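# Got a predicted structure plus its sequence, pasted below:
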Amino acid sequence: TFLILASIACIGSMTSEGSQEIAAQFLQLVNGWSTGDQANLIEMIGVSGIVVQFALIPFLLSVVKKNESMIIVVTNLCLAALNVAICFCSGRSKWVALIL
């Protein structure tokens with residue numbers, strides 16, 4: 001079970017990285033993002049990753065003691081929903097896409 005969940009998490013992470021790169025290129029071409037906008041996006045992704053790793057994950061592990069696999073499943077579902085939201089919001093406003 002652990003190998004399956006770890007594989008799903010690994011594939012989900014690779015997909016997320018790829019979609020972030022494609023989204024940044026799309027926003028540059030369609031919405032006229034500059035290099036500074038892309039730098040802000042990368043900075044926000046990095047800071048949010050640090051917050052998740054050092055604050056959110058330890059909190060969730062302390063709350064959900066027996067179902068660690070549910071954290072991975074819910075995280076992957078949230079990543080999928082976030083990627084879909086970025087796709088639909090990116091054409092309307094670059095600030096909405098940046099916040100997502």
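Looks like it came in fine.

# For stretch 55-75, list every residue counted as buried.
Neighbour counts over stretch 55-75 (16 or more other CB atoms under 10 Å) mark Ile71, Ile72, Thr75 as buried. For every residue, glycine as well, the C-beta is placed using N, CA and C.

# And the first one, how close does it get to Ala24?
The reference is to Ile71. Distance, Ile71 to Ala24, by CB to CB, to the nearest Å: 27 Å.

# Could you do Ala81 as well?
The gap separating Ala81 from Ala24 is 19 Å, by CB to CB.

# what's the answer for Ile45, then?
With CB to CB as the criterion, Ile45 and Ala24 are 10 Å apart.

# who's more crowded, the two?
A direct count of neighbours by other CB atoms under 10 Å for Ile45 and Ala24 places Ala24 higher, at 17 against 14.

# Find the residue closest to the more buried one in space, skipping its chain neighbours.
Closest residue to Ala24 apart from its sequence neighbours, by CB to CB, 6 or more residues apart in numbering: Gln38 at 5.3 Å.
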